[in-house]
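Colleague: Provide a 3D model corresponding to the input given below.
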Amino acid sequence: MDYLSSLMTVCFLFATVVFYITNGEPVVPALFIFGDSIVDVGNNNKLHTVVKADFFPYGRDFVTKNPTGRMSNGKLAIDYACDFSHVIPLMNQLEFYKDCQEELVKLIGKENATSIISGAAYLLVDGSGDFAQNYFINPILQNIYTPYQFSDVLMQEYYNFIQNLYALGARKIGVTTLPPIGCMPFIITKFGYHSNKCVETINNVALDFNKKLNLTTENLIKKLPGVKLVIFDIYQPLYELIIRPSDYGTKYNYSLLINLFLCVKLIHAGFFEARKGCCGTGLLEVATLCNKISIGTCADASKYVFWDSFHPTEATNKILMDHLIPAATSLLYSNQTVR
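Modeller: Model prediction:
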């Protein structure tokens, strides 16, 4: 890996992404994102790994109509918040962030850099890859830990990570729960035993993790003075979307003026596929297995909950972001913790 190139990519992402309000002024001076492939906007492109998405059909519905490294057909949920991946461990990302801070001081001076660092919002999206793309397909880990013990290991890493991030100046931190990983197409294909339903034993692992996440977060809030630590629940809205896909989708309003009265007809175009992804068969394809010659790739990804066998479509990401607005508002504006 080209260290300088990777560092500058991370610093550019961190230092330039901000939330904007209606008058164009930033709510926070910067948004720093740590996590796995759910929020990777292309940092893996320069790494020697198969876990990347810088080729078609990834990105086919993005604004540029080109692959960017995002593991989706278009925008990620974080793109909607502000108009990284599993192969870069969290502690390595933290080291990149330290280097980023040093570069920021060189560019704008210590006082200005400190102001940005303390006023910035920080988002941690991690854990899905640790389970779905690591533990559940790694017999060595399974021989060492039960899934619940592995959850405890990840929780300790989370506890240490937040304390280290706090020590580096972070005060506004958002962290997402695990999604219903037992409903991912790949997981159903591998562990569903010919069923098309979510694997609830694996979803229970995610629910247990999320309970531990809440308790650990409460302990961190008590321990770290002045921290605003907000949990973003992505489990419930995504689970409801998966089990009732036709209830969600794009809504269109059509108006007709008849006899001086305005008649409004609401047409609902919901999702129709949640069992498989759009790319290829939708059952196993992800990363390099999802490519421009994958047979069976759908024409309209907006009707699918999943893009590949792990990652949501742009349409799903938009719905998830809409559900997260209250928690995001809490992180940015109020002193109240919202779950």
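
Colleague: quick one, what contacts the closest residue to residue 157 other than its chain neighbours?
Modeller: Spatial nearest neighbour of residue 157, chain neighbours left out: residue 90 (6.6 Å); criterion: Cβ to Cβ, 6 or more residues apart in numbering. Glycine gets a C-beta too; all of them are placed from N, C-alpha and C. Residues in contact with residue 90 (Cβ atoms under 8 Å, 6 or more residues apart in numbering) are 34, 124, 126, 157, 161.

Colleague: can you redo the residues you listed as TSV with pLDDT, neighbour count and secondary structure?
Modeller: Putting those into TSV (pLDDT from 0 to 100; neighbours: other Cβ atoms under 10 Å; DSSP: H, G, I helix; E, B strand; the rest coil) gives the following:
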residue	pLDDT	neighbour count	secondary structure
34	65	23	strand
124	89	24	strand
126	82	23	coil
157	92	16	helix
161	93	19	helix
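
Colleague: If we only consider these, which is nearest to residue 176?
Modeller: residue 124 (7.2 Å; Cβ to Cβ).

Colleague: was I right about the closest one contacting residue 175?
Modeller: Yes. Between residue 124 and residue 175 there is a contact under Cβ atoms under 8 Å: 4.4 Å.

Colleague: Find residues that contact each of those two.
Modeller: 158, 162.

Colleague: Residue 179 in helix, strand or coil?
Modeller: Put simply, residue 179 is coil when judged by DSSP: H, G, I helix; E, B strand; the rest coil.

Colleague: pLDDT score for it?
Modeller: In this model, residue 179 is scored at 95, pLDDT.

Colleague: quick one: it from residue 310, how far?
Modeller: 10 Å (Cβ to Cβ, to the nearest Å).

Colleague: what does residue 219 give?
Modeller: 31 Å.

Colleague: the more surrounded of these two?
Modeller: In this view residue 219 and residue 310 are compared by other Cβ atoms under 10 Å, and residue 310 has more residues nearby, 24 against 11.

Colleague: State the helix or strand in which that one lies.
Modeller: Using DSSP states H and E, no element contains residue 310; it sits outside every helix and strand.

Colleague: Settle this for me: it is touching residue 284, isn't it.
Modeller: No. Between residue 310 and residue 284 there is no contact, the gap being 9.9 Å when judged by Cβ under 8 Å.

Colleague: Need the residues touching each of those two.
Modeller: 185-186.

Colleague: quick one on the thing from earlier: and for residue 179 and residue 310, which residues touch both?
Modeller: residue 128.

Colleague: where are the low-confidence patches of the stretch 101-250 of the chain?
Modeller: Across the stretch 101-250 of the chain, the ranges flagged by pLDDT under 70 are 249-250.

Colleague: swap the cut-off to 80 and go again
Modeller: 248-250 (pLDDT under 80).

Colleague: where along it do the helices fall?
Modeller: 110-119, 128-132, 139-144, 147-167, 185-191, 200-223, 235-243 (DSSP state H, counting those that start in this stretch).

Colleague: Nearest to residue 102, out of the ones you listed?
Modeller: Across the helices of the stretch 101-250 of the chain, closest to residue 102 is helix 110-119 (Cβ to Cβ), at 9.0 Å.

Colleague: Export the contacts of residue 90 as JSON lines, with columns for distance to residue 169.
Modeller: Listed next are the contacts of residue 90 as JSON lines, based on distance: Cβ to Cβ, whole Å:
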{"residue": "34", "distance to residue 169": "14"}
{"residue": "124", "distance to residue 169": "15"}
{"residue": "126", "distance to residue 169": "20"}
{"residue": "157", "distance to residue 169": "20"}
{"residue": "161", "distance to residue 169": "14"}
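
Colleague: then stretch 283-294 to CSV, C-alphas only?
Modeller: Provided in CSV are the C-alpha atoms of stretch 283-294 (Å, rounded to 0.1, in the frame of the first residue of the first chain):
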residue,chain,number,x,y,z
LEU,A,283,-27.4,-14.9,-3.7
LEU,A,284,-23.6,-14.9,-3.3
GLU,A,285,-22.1,-12.1,-5.5
VAL,A,286,-20.1,-9.4,-3.7
ALA,A,287,-17.0,-7.4,-4.6
THR,A,288,-15.1,-9.0,-7.5
LEU,A,289,-17.9,-11.7,-8.0
CYS,A,290,-20.2,-8.8,-8.8
ASN,A,291,-18.9,-7.5,-12.1
LYS,A,292,-20.0,-6.4,-15.6
ILE,A,293,-20.3,-10.0,-16.8
SER,A,294,-22.3,-11.3,-13.9
